[in-house]
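Novice: what's the 3D shape of this:
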Amino acid sequence: KGTVLWYAEQETGIEPYKARYIVSGDFMRSDEGSDEGGFVLLDRAAQQIYSVVPQNRTILHIDGRGELPPVPPQLSIEIKRSVDEKAPRLAGEVPVTLELFANQELCYSAVIAPGHLEQARAAFGEFAQALSIQQSRTLAATPQEYQTPCFLSRYLYATDFHLRQGIPLLDWSQEGHRRELLDYQTGVELDEGLFELPDGFAVIKASGR
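Specialist: As a prediction, this is how the structure comes out:
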């Protein structure tokens, strides 16, 4: 059994789409709602991510094990927290707004529900941490002009700043990324096949590993 969450997600320049997250004690799968299409799978214990693309029969493999480098002294990261007691409650909890600042610039915002859907919150955090580890491996190949304070904080040093404190109800960036929780179910009977990788696909190791 596990939890199924539906989010409306939007990236810069594209139409919003629905994303499904299926979380068990061992795995998290994200897709667009189809059991048959492409999906991303997190093996939580092993800290491995697999992105499955049926169209070209490939699996991108990201090894999320490792340690992040220390925050460089020239990067100042601050997280501001605010609570609106008049906001609608979720499971009795008042949502909390968090803002991520890097060198005094607002980089990312989130509204989270503390103490709710803890298994999903932990899995989201593990996924973000694994991607941060991969980002650290390829940072040297990232052009300097892209290594802005917001880029470094958002994708490397503070990716999970909101996920440490609660499940995201809404999060957004200044550049147009947006994600909003639409619905969720807990205690759902899950098909174990949803967490299995297809046979016969070419496995591509992520760069830097």
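Novice: Counting neighbours, which bits of stretch 126-146 end up buried?
Specialist: Neighbour-count burial for stretch 126-146, with 16 or more other C-beta atoms under 10 Å as criterion, is recorded at E126, F127, A128, Q129, A130, L131, S132, I133, Q134, Q135, S136. C-betas here are computed from N, CA, C, even on glycine.
Novice: so what secondary structure elements neighbour the longest strand along the chain?
Specialist: With secondary structure taken from DSSP state E, the chain has its longest strand at strand 178-188. Here strand 178-188 is seen to pack against strand 2-10, strand 17-23, strand 167-173 when contacts are counted using 3 or more C-beta pairs under 8 Å, 6 or more residues apart in numbering; DSSP states H and E.
Novice: and the first one, which strands flank it?
Specialist: Same thing as strand 2-10. For strand 2-10, the paired strands and their directions (DSSP bridges) read strand 17-23 (antiparallel), strand 178-188 (antiparallel).
Novice: now these as a markdown table including distance to T58?
Specialist: Written out in a markdown table, the entries for the strands paired with strand 2-10 read as follows (distance: least, C-beta to C-beta, whole Å):
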| stretch | distance to T58 |
| --- | --- |
| strand 17-23 | 21 |
| strand 178-188 | 26 |
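Novice: Out of the ones you listed, which one sits most buried?
Specialist: Mean neighbour count (mean count of other C-beta atoms under 10 Å) peaks for strand 17-23 among the strands paired with strand 2-10, with a mean of 19.
Novice: Render the CA-only coordinates of it in CSV, please.
Specialist: Below are the C-alpha coordinates for strand 17-23, written out as CSV (Å, rounded to 0.1, in the frame of the first residue of the first chain):
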residue,chain,number,x,y,z
TYR,A,17,-0.1,19.1,-17.4
LYS,A,18,-1.1,16.6,-14.7
ALA,A,19,1.6,14.5,-12.9
ARG,A,20,1.0,11.5,-10.8
TYR,A,21,3.3,10.5,-8.0
ILE,A,22,3.0,7.0,-6.5
VAL,A,23,4.9,6.5,-3.3
